[in-house]
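I'll drop the sequence and a predicted model, then ask my questions.
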Amino acid sequence: MAFELLMRDCAAEEDRRAKRDELMQREEKRLAAIAVFEARIGDYDRLLDGLGYRDNDEQVIAALMDGCTSGVPSCIAVVKALADKHGYHRAEIDE
């Protein structure tokens with residue numbers, strides 16, 4: 001009898017976790033859709049927040065470089081600005 005109660009409690013907990021995971025995935029998708037929508041109208045704050053975790057930086061740079069290779073002027077300008085900023089902050093000379 002105690003075993004059956006334990007099994008029922010475990011099943012209820014698994015159901016609760018599955019429901020929570022489903023709700024969380026739905027909320028994540030909703031927020032992602034809002035971020036893309038806002039970026040399309042020029043508000044990049046939500047997308048920039050995604051860069052704060054440093055797990056997408058290389059993919060973003062790779063996409064910018066693909067845009068440069070394809071001749072997209074805005075990509076070329078951004079890569080040049082990033083490179084200029086790098087040079088400005090890292091330049092050292094011996095005097």
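Okay, I see it. Residues are numbered from 1 along each chain as shown.

and the gap between Arg16 and Leu31?
Applying Cβ to Cβ, to the nearest Å, the value for Arg16 to Leu31 is 23 Å. Backbone N, C-alpha and C define where each C-beta goes, glycine included.

same check, this time on Asp15
Separation of Asp15 from Leu31 (Cβ to Cβ): 25 Å.

do Met1 as well
Counting by Cβ to Cβ, the gap between Met1 and Leu31 amounts to 45 Å.

more neighbours, the two?
Leu31 (11 against 5; other Cβ atoms under 10 Å).

that one is in what secondary structure piece?
helix 2-40 (DSSP states H and E).

gap between stretch 60-69 and the chain center?
Taking the mean of its C-alpha atoms, stretch 60-69 sits 16 Å from the chain's own mean (Cα atoms, centre = their mean, to the nearest Å).

no no, stretch 1-13
Stretch 1-13 sits 39 Å away from the centroid of its parent chain (Cα atoms, centre = their mean).

may I have it as PDB, with CA atoms only?
Taking C-alpha atoms only, stretch 1-13 is exported to PDB below (Å, rounded to 0.1, in the frame of the first residue of the first chain):
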ATOM      1  CA  MET A   1       0.000   0.000   0.000                       C
ATOM      2  CA  ALA A   2       2.800   2.500   0.900                       C
ATOM      3  CA  PHE A   3       4.600   1.600  -2.300                       C
ATOM      4  CA  GLU A   4       1.400   2.400  -4.300                       C
ATOM      5  CA  LEU A   5       1.100   5.800  -2.600                       C
ATOM      6  CA  LEU A   6       4.700   6.600  -3.300                       C
ATOM      7  CA  MET A   7       4.300   5.600  -7.000                       C
ATOM      8  CA  ARG A   8       1.200   7.800  -7.200                       C
ATOM      9  CA  ASP A   9       3.100  10.800  -5.600                       C
ATOM     10  CA  CYS A  10       6.000  10.300  -8.000                       C
ATOM     11  CA  ALA A  11       3.600  10.200 -11.000                       C
ATOM     12  CA  ALA A  12       1.900  13.400  -9.800                       C
ATOM     13  CA  GLU A  13       5.300  15.100  -9.400                       C
END
